[in-house]
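Chemist: Build me a structure from this.
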Amino acid sequence: MTLGDDVELRGVIYRLTALDGEVAMLAVAGEAPVAIKVGSLLADKTFRIVGTQPTRRRIAGPSPLFESLPSDVQARARWMESHMTEVLEGIPCNADPGQTARRTFDVELTSLRQREQAKLAELHELGETMSIGSLQR
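Modeler: Now for the predicted structure:
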């Protein structure tokens, strides 16, 4: 069971949107997310994984803390999120369906360190000065 999986519980299809220690967050369109202990989820006889999605780090459900931030801070975080998911997964989280990784970010061809260096160079070209330590944090 990984983030992004579609799971069925008690006849309802949910998307696993977060794992926080022993708690799983399940979301379904138009409803508030459901928090359930992972042990209870796995022990429920109606539970089953019905589909897997590529792992994405973007939070799919509502986040009151994030939404309380100023809009310019939210925009900057989303911009950086796209860059970070490209470094970690090879493809930005806001990529079009079917988009493939650029060669410098292909996780099968490059090491994490190489992808970090490529991203730092790219950000530098965009006028963003960042250290490797800042990028990693």
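Chemist: So which bits of the longest helix anywhere in the chain are buried?
Modeler: If you go by DSSP state H, the chain has its longest helix at helix 71-89. Neighbour-count burial for helix 71-89, counted by 16 or more other CB atoms under 10 Å, picks out Glu81, His83, Met84, Thr85, Glu86, Val87, Leu88, Glu89. Every residue, glycine included, has its C-beta placed from N, CA and C.
Chemist: C-terminal to it, what's the next element?
Modeler: Sequence-wise, the next helix or strand downstream of helix 71-89 (DSSP states H and E) is helix 112-125.
Chemist: the inter-axis angle of that following helix versus helix 71-89?
Modeler: Between helix 112-125 and helix 71-89, the angle comes out at 140 degrees (axes from the mean of the first three to the mean of the last three CA atoms, to 10 degrees).
Chemist: just how off-centre is helix 112-125 within its chain?
Modeler: 20 Å (CA atoms, centre = their mean, to the nearest Å).
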